[in-house]
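Asker: Okay, sequence plus prediction incoming.
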Number of protein chains: 2
Amino acid sequence: MSDIDPCDLPADRQRGSNFGWSLGMVLRRWHEYVEEALKGLPHGSRGYHILAVVVHEDVPTQAALASRLVIDRSVLTYVIDDLENAGLIERQLDPRDRRARRIVATERGRQALADAEKRVAHAEDHVLAGLSEEQRATFRDSANRAAEAIHAAAPGTDPCAAVTSVIGPTEQVPG
Amino acid sequence: MSDIDPCDLPADRQRGSNFGWSLGMVLRRWHEYVEEALKGLPHGSRGYHILAVVVHEDVPTQAALASRLVIDRSVLTYVIDDLENAGLIERQLDPRDRRARRIVATERGRQALADAEKRVAHAEDHVLAGLSEEQRATFRDSANRAAEAIHAAAPGTDPCAAVTSVIGPTEQVPG
DNA sequence: TATTGTTATACTCTATAACTATA
DNA sequence: TATAGTTATAGAGTATAACAATA
């Protein structure tokens, strides 16, 4: 905790990881391809994620939806505005809690999602063109698993406090 | 090319991919952890990526460095400014082309990088805590492979034109 | 007093373009 | 004219906080 852990890294990690850079590259390209593929869907990939959860999962309120997707509720407001204006979802009032809004997809929204899912699947295969089909499947699966673990570990918590105890607040620039 | 490809998706992809969301989750957490771990290094993870390439690879000019990392040269300018002010790198003049600047690491810069690499490796293991050690290694490797393929396929090209021909400019919102 | 959802504001990144000095 | 590097500006995306209605 006080010093830098002199743990032995495997040889291929001695010379520095570019994992973060690689992830950024892949995500950037994913974004470019998917935004292009989802033109016409309000807020593109963000609207897609929201619509997918609304259709495939049963989320009671807007707040729960925001928590599920780890986005701010103030963002959710205007994305939902535009999805609703496009006729893809509806805000339903909860008679038991008049503050809450339940978001449900319209038939048109379900169709739009089905179409979007095909497009996204195609785009993703092109983004991961450097991998074999089997590697793509494994990569997808690992990404989902890692993300769910992150989400489950700290659903809305600030991770900085935790990591400080692991990494340690030592000098950064020697000299 | 004209219609939506009715290709058969595997069963686990019928109900929609959350791959992009997952990648975003992982990258966000990576960023949080690594920025925390690299406090004191100018520009955090971005300075780290640049320093790593400067130390481990032989890049002749700033422009080549920007191309290698796929960042804008105008961004490179001020990051390099701060890395240089911290004494981690130097701008060397090329006697054969007085416009060009060759970026080289100082001894202090190499030490800072070695320290940063240990911290980043630790942080990454925590980010991927949901995966086994073997899965982490595979995931890293796939990310690097996919990113290099993306970089090699279009080093500086706009991918939108290409994807349009693949996805097709069909209707997005049915009705 | 706490929570749901909305609105308004500020801040950070990034992309873009203008500028200089060389070639 | 084209390129290397620098500087300045505008836009998008995000985070934050204040607000009204309800619990």
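Answerer: Here it is on my side, so go on.
Asker: Just list the residues touching the nearest residue to residue A:22 once chain neighbours are set aside, thanks.
Answerer: In this structure, residue A:22 finds its nearest non-sequential neighbour in residue B:147, 3.6 Å apart by Cβ to Cβ, 6 or more residues apart in numbering or on different chains. Glycine gets a C-beta too; all of them are placed from N, C-alpha and C. By Cβ atoms under 8 Å, 6 or more residues apart in numbering or on different chains, the contact set of residue B:147 is A:18, A:21, A:22, A:23, A:25, A:26, A:130.
Asker: nearest spatial neighbour of the second one, skipping sequence neighbours?
Answerer: This points to residue A:21. The spatially closest residue to residue A:21, leaving aside those adjacent along the chain, is residue B:49, at 5.1 Å (Cβ to Cβ, 6+ apart).
Asker: same thing with residue A:109?
Answerer: The shortest distance from residue A:109 to any residue other than its chain neighbours is 3.5 Å, reached at residue A:88 (Cβ to Cβ, 6+ apart).
Asker: which parts of chain A sit against DNA strand D?
Answerer: In this structure, chain A approaches DNA strand D at residues A:46, A:71, A:72, A:74, A:75, A:96, A:97, A:98, A:99, judged by Cβ under 7 Å from any atom of the strand.
Asker: just checking, the third one touches residue A:66?
Answerer: What it means is residue A:72. Yes - under the contact definition of Cβ atoms under 8 Å, residue A:72 touches residue A:66, with a separation of 6.6 Å.
Asker: In terms of neighbours, single out the busier of the two.
Answerer: When residue A:72 and residue A:66 are compared for neighbours, residue A:66 comes out ahead with 19 against 9, by other Cβ atoms under 10 Å in any protein chain shown.
Asker: Just the buried positions in the helix or strand hosting that one, please.
Answerer: According to DSSP states H and E, residue A:66 maps onto helix A:62-69. Applying a neighbour-count criterion of 16 or more other Cβ atoms under 10 Å in any protein chain shown, one finds A:62, A:64, A:65, A:66, A:69 buried in helix A:62-69.
Asker: what's in contact with that helix?
Answerer: Contacts of helix A:62-69 from elsewhere in the structure, counted by Cβ under 8 Å, 6+ apart, are A:49-50, A:53-54, A:57, A:59, A:72-73, A:75-77, A:80, A:100-101, A:103, A:155-156, B:21.
Asker: got it, and stretch A:81-96?
Answerer: Contacts of stretch A:81-96 from elsewhere in the structure, counted by Cβ under 8 Å, 6+ apart, are A:42-43, A:47, A:50-51, A:54, A:60-61, A:80, A:100-106, A:108-109, A:112, B:173, B:175.
Asker: secondary structure element for the nearest residue to residue A:37 once chain neighbours are set aside?
Answerer: Spatially, and ignoring its direct neighbours in sequence, residue A:37 is nearest to residue A:119 (4.1 Å; Cβ to Cβ, 6+ apart). Using DSSP H and E, the secondary-structure element containing residue A:119 is helix A:107-127.
Asker: Just the C-alphas of the helix or strand just after that helix, formatted as CSV.
Answerer: Along the chain past helix A:107-127, the next helix or strand (assigned with DSSP H and E) turns out to be helix A:133-153. C-alpha atoms of helix A:133-153 as CSV (Å, rounded to 0.1, in the frame of the first residue of the first chain):
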residue,chain,number,x,y,z
GLU,A,133,-15.5,-14.9,-36.2
GLU,A,134,-14.6,-17.0,-33.2
GLN,A,135,-12.4,-14.2,-31.8
ARG,A,136,-15.1,-11.7,-32.4
ALA,A,137,-17.6,-13.7,-30.4
THR,A,138,-15.1,-14.2,-27.6
PHE,A,139,-14.3,-10.5,-27.6
ARG,A,140,-17.9,-9.5,-27.4
ASP,A,141,-18.6,-11.9,-24.6
SER,A,142,-15.6,-10.7,-22.6
ALA,A,143,-16.6,-7.1,-23.1
ASN,A,144,-20.1,-7.8,-21.9
ARG,A,145,-18.8,-9.8,-18.9
ALA,A,146,-16.3,-7.1,-17.9
ALA,A,147,-18.9,-4.4,-18.3
GLU,A,148,-21.5,-6.2,-16.2
ALA,A,149,-18.9,-6.8,-13.5
ILE,A,150,-18.0,-3.1,-13.4
HIS,A,151,-21.6,-2.2,-13.3
ALA,A,152,-22.4,-4.7,-10.6
ALA,A,153,-19.4,-3.8,-8.5
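Asker: Right, I'll leave it there.
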